[in-house]
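**Q** Mind folding the following:
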Amino acid sequence: MSSEVLRVANCSGFYGDRLSAAREMVEGGPIDVLTGDYLAELTMMLLFKSKLKDPKLGYATTFLKQLEEIAAECVRRKIRIVVNAGGLNPKGCAEAARAVYAKLGLSATVAHVEGDDLMPELAELQKQEAFLHLDRGAPLSSLKAPIVTANAYLGAFGIAKALERGADLVICGRVTDASLTVGPAIWKFGWAHTDLDALAGAVAAGHVIECGPQCTGGNYSFFREIEGLEKPGFPIAELHRDGSFVVTKHPGTGGAVTVGTVTAQILYEIASPAYANADVVARFDTLRLSQEGPDRVRVTGTRGQPAPERLKVCINYLGGFRNSMTFVLTGLDIEEKAALAERTIWRALGGRDQFEETHVSLRRSSQPNPDSNEEAFSLLTIAVKDSDAKKVGRAFSSRAIEMALASYPGFSMTTPPKDEQPFGVYWPALIAAERVSQRVVMPDGETIAIPHAAPVALASEIAPSQLSAPLPSGPTQRLPLGSVCGARSGDKGGNANLGVWVESESAYAWLAQLLTAEKLKELLPETRSLLVQRFELPNILALNFVIHGLLGDGVAASLRADPQAKTLGEYLRAKVLDVPLSIVRGRSPRS
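**A** Modelled structure (predicted):
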């Protein structure tokens, strides 16, 4: 390992990501640490279901397939592996990983990190903690539904301790996504809890690479400018002792690493620029990006603030059952056909108010004078939720099919009758850090307690830079907002995050003046009744919006067509406004 740089590579952004990525990262060039992020909030519910079927499971089984492909080479080259594939059962995942090494005839030390699972002591903890819902303020005691998972987001010092004690593979459960990168950096550089700026830089690095190829061109607004997107390379963060880092990828892989692709990922699923992790608060409004060379973006200047006194907790409970049916409406009179279908099904079911929650959406995609049958289609989706499985099962979906010969002309549906599906609901909360006992467990059973950071005094206030570029002048034209800016959006429980960025200071001056929270509500009508917060990140020429409550009870429970808000940014970019021609992309130089 280089004495000056730690090369941390990522091979997974979610449970279900490219299976070959681990092998590609190990075989593609020099790395020191391989990380993999498998846990989204929704994933914890999926792992709960798998553990119900088999108590030995509850972890990301695909990781074991990846491990079998790379274990020998990682042992030979002393590449350490750090993953959160342990999910709800890090001990079980560690035992299964040891079996993989044994099968291959390899000697390796596998440790796991535990303490995030609060379920065994949740009843006792509720005597001390209200676990207030972060968006609604309701205490967990007001919840009548059964709770199935409760996991605190642990920090990175447990990972660092495991590596220090010789672990070749560290299996984690619920740690913060960035901790998979921060832990190896603490181990490498010997940082303490007081090294706030260095820790904050590593958090930024972990956040950038945690979603795999999203920072190498995946899901990028200006995708037409990116070569090789059929198979973009996964990212590498080259970390330095001061917390600065370079984002790159292996030579010859698809995609690109640019200031734009990294900016997009920095904005992904954040709220305030004060990005809280278990070990430090990283100020994303202080970092700076520069293109160091082809596929190399340097990130510097990230400032850190003391670790929060309370940790985030991901709680999931069983919310009931859901179902939906989609009608195909073709050709003329689309609104009238949709109205007839909706009136008919509600009447057959005894009224819309028979269900605890309903959602109706009409997607107008039909074209005038269509050139193909498909160009004449629009889609009407009717979705229902209820605690009574029978009401939303075949009793609902069969009523839709019964309309086939007795409703609008050209009646068609996208699916046959469907059964109800159970869903979980996400309950975000906080817990005092001292009530969470992070522990490292070594193969011989030795357990090492990891204390939370002691309070640290901040040396000085952190003030982000401000830009003072003049507003652009000259002629304007009615153009999509996307002719000026890129965007990336995502989900955080029931809230949606929408980041928007530009490429010049003059464009940022225009965007910052134009795109207020109220203007966003005007452009996106479905947000008008909701709380919308706006945050400025002038160093990276970006704005970030948090739209509270847009996704209802979160991805698993939302009846929206896009329950993860992945399309929200591109929806905004399609809105047409009066745009100064001097700031349109491709017509003005970067400032």
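
**Q** ok, Thr176 - how many residues close by?
**A** 24 (other CB atoms under 10 Å). Yep, even glycine has a C-beta here, placed from its N, CA and C like the rest.

**Q** What residues of the helix or strand of the chain with the lowest mean pLDDT count as buried?
**A** In the chain, the helix or strand scored least confidently by mean pLDDT, DSSP states H and E is helix 41-53, which has a mean of 89. With burial defined by 16 or more other CB atoms under 10 Å, the residues of helix 41-53 counted as buried are 41-48, 50-51.

**Q** Turn the residues you listed into TSV, columns for distance to Asn544.
**A** Listed next are the buried residues of helix 41-53 as TSV, based on distance: CB to CB, whole Å:
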residue	distance to Asn544
Glu41	19
Leu42	22
Thr43	24
Met44	25
Met45	27
Leu46	28
Leu47	30
Phe48	31
Ser50	34
Lys51	36
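
**Q** Can you tell me which of those residues is nearest Asn539?
**A** Glu41 (28.9 Å; CB to CB).

**Q** Which residues are in contact with that closest one?
**A** 314, 316, 426, 493, 554-555 (CB atoms under 8 Å, 6 or more residues apart in numbering).

**Q** What pairs with the strand ranked longest in the chain, parallel or antiparallel?
**A** As assigned by DSSP state E, the longest strand anywhere in the chain is strand 310-330. Strand pairing for strand 310-330, determined by DSSP bridges: strand 147-152 (antiparallel), strand 377-386 (antiparallel), strand 412-413 (antiparallel), strand 421-432 (antiparallel).

**Q** how about these, which one is nearest Val100?
**A** Proximity to Val100 (CB to CB) singles out strand 147-152 among these, at 24.8 Å.

**Q** Can you give the distance from that closest one to the centre of its chain?
**A** 19 Å (CA atoms, centre = their mean, to the nearest Å).

**Q** Tell me which helix or strand comes right after that strand.
**A** Downstream of strand 147-152, the next assigned helix or strand under DSSP states H and E is helix 157-164.

**Q** Go through that next one and flag the buried ones.
**A** Neighbour-count burial for helix 157-164, counted by 16+ other CB under 10 Å, picks out 157-163.

**Q** can you give me how far that helix is from the chain middle?
**A** Counting by CA atoms, centre = their mean, helix 157-164 comes out at 25 Å from the chain centroid.

**Q** residues making contact with that helix?
**A** Here helix 157-164 makes contact (CB under 8 Å, 6+ apart) with 80, 82, 111-113, 115, 170, 172, 175, 179-180, 182-184, 186-187, 193, 279, 438-440, 442, 448, 450.

**Q** filter these to the buried ones?
**A** By neighbour count, with 16+ other CB under 10 Å, those hold 80, 82, 111-113, 115, 170, 172, 175, 179-180, 182-184, 186-187, 193, 279, 438-440, 442, 448, 450 as buried.

**Q** Narrow those to those in helices?
**A** 179-180, 182-184, 186-187 (DSSP state H).

**Q** Same list (those residues) but as a markdown table, adding pLDDT and distance to Gly28.
**A** A markdown table is the format used below for those (pLDDT from 0 to 100; distance: CB to CB, whole Å):
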| residue | pLDDT | distance to Gly28 |
| --- | --- | --- |
| Ser179 | 98 | 24 |
| Leu180 | 98 | 19 |
| Val182 | 98 | 23 |
| Gly183 | 98 | 23 |
| Pro184 | 98 | 19 |
| Ile186 | 98 | 26 |
| Trp187 | 98 | 23 |
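
**Q** Could you single out the nearest of those residues to Arg283?
**A** For those, the minimum distance to Arg283 (CB to CB) is 15.3 Å, reached by Val182.

**Q** burial measure for the residue nearest to that closest one when sequence neighbours are not counted, as a count.
**A** Spatial nearest neighbour of Val182, excluding adjacent residues (CB to CB, 6 or more residues apart in numbering): Ala156 at 3.7 Å. Using other CB under 10 Å, the number of residues around Ala156 comes to 33.

**Q** Would you quantify the distance from Ala156 to Val175?
**A** Ala156 sits 7 Å away from Val175, going by CB to CB, to the nearest Å.

**Q** Check Leu481 too.
**A** Leu481 sits 37 Å away from Val175, going by CB to CB.

**Q** go on, Ala449?
**A** Ala449 sits at a distance of 16 Å from Val175 (criterion: CB to CB).

**Q** where along the stretch 401-550 of the chain do the strands fall?
**A** For the stretch 401-550 of the chain, the strands defined by DSSP state E, counting those that start in this stretch cover 412-413, 421-432, 438-441, 447-450, 476-480, 486-492, 495-501, 532-537, 542-547.

**Q** Distance to Pro55 and mean pLDDT for those strands - can I get that in CSV?
**A** Output for the strands of the stretch 401-550 of the chain, formatted as CSV (distance: least, CB to CB, whole Å; pLDDT from 0 to 100):
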stretch, distance to Pro55, mean pLDDT
strand 412-413, 39, 96
strand 421-432, 19, 94
strand 438-441, 18, 98
strand 447-450, 22, 97
strand 476-480, 52, 97
strand 486-492, 30, 95
strand 495-501, 34, 97
strand 532-537, 42, 97
strand 542-547, 38, 98
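
**Q** And those: which comes nearest Lys390?
**A** Nearest of those (CB to CB): strand 421-432, 13.0 Å.

**Q** The closest one: how far from the chain's middle?
**A** Centroid displacement of strand 421-432 relative to its chain, using CA atoms, centre = their mean, is 16 Å.

**Q** now the angle from it to strand 486-492?
**A** 90 degrees (axes from the mean of the first three to the mean of the last three CA atoms, to 10 degrees).

**Q** Pull strand 421-432 out as PDB, backbone CA atoms only.
**A** What follows is the C-alpha trace of strand 421-432 in PDB, where atoms were taken according to Å, rounded to 0.1, in the frame of the first residue of the first chain:
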ATOM      1  CA  GLN A 421     -48.700  -7.400  -1.700                       C
ATOM      2  CA  PRO A 422     -47.600  -6.600   1.900                       C
ATOM      3  CA  PHE A 423     -45.600  -3.500   2.300                       C
ATOM      4  CA  GLY A 424     -43.500  -1.900   5.000                       C
ATOM      5  CA  VAL A 425     -43.400   1.600   6.200                       C
ATOM      6  CA  TYR A 426     -40.200   3.500   7.100                       C
ATOM      7  CA  TRP A 427     -40.100   5.400  10.400                       C
ATOM      8  CA  PRO A 428     -37.000   7.700  10.700                       C
ATOM      9  CA  ALA A 429     -36.000   8.600  14.200                       C
ATOM     10  CA  LEU A 430     -33.000   9.500  16.400                       C
ATOM     11  CA  ILE A 431     -31.400   8.000  19.400                       C
ATOM     12  CA  ALA A 432     -28.700   9.300  21.800                       C
END
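
**Q** Would you mind listing the buried residues in that strand?
**A** 423-431.

**Q** again, but for stretch 456-468
**A** Buried-residue list, stretch 456-468, by 16+ other CB under 10 Å: 456, 462.

**Q** now that stretch: mean pLDDT?
**A** Mean per-residue pLDDT for stretch 456-468: 74.

**Q** what about that stretch, start to end distance?
**A** 34 Å (CA to CA, to the nearest Å).

**Q** and what of stretch 381-400?
**A** 11 Å.

**Q** related to what we said a few turns ago, so the residue nearest to Val182 makes contact with Trp187?
**A** No. Contact criterion CB atoms under 8 Å: Ala156 and Trp187 do not qualify, at 9.1 Å.

**Q** List the residues that contact Asn277.
**A** Counting by CB under 8 Å, 6+ apart, Asn277 touches 155-156, 176, 178-179, 182, 203, 307.
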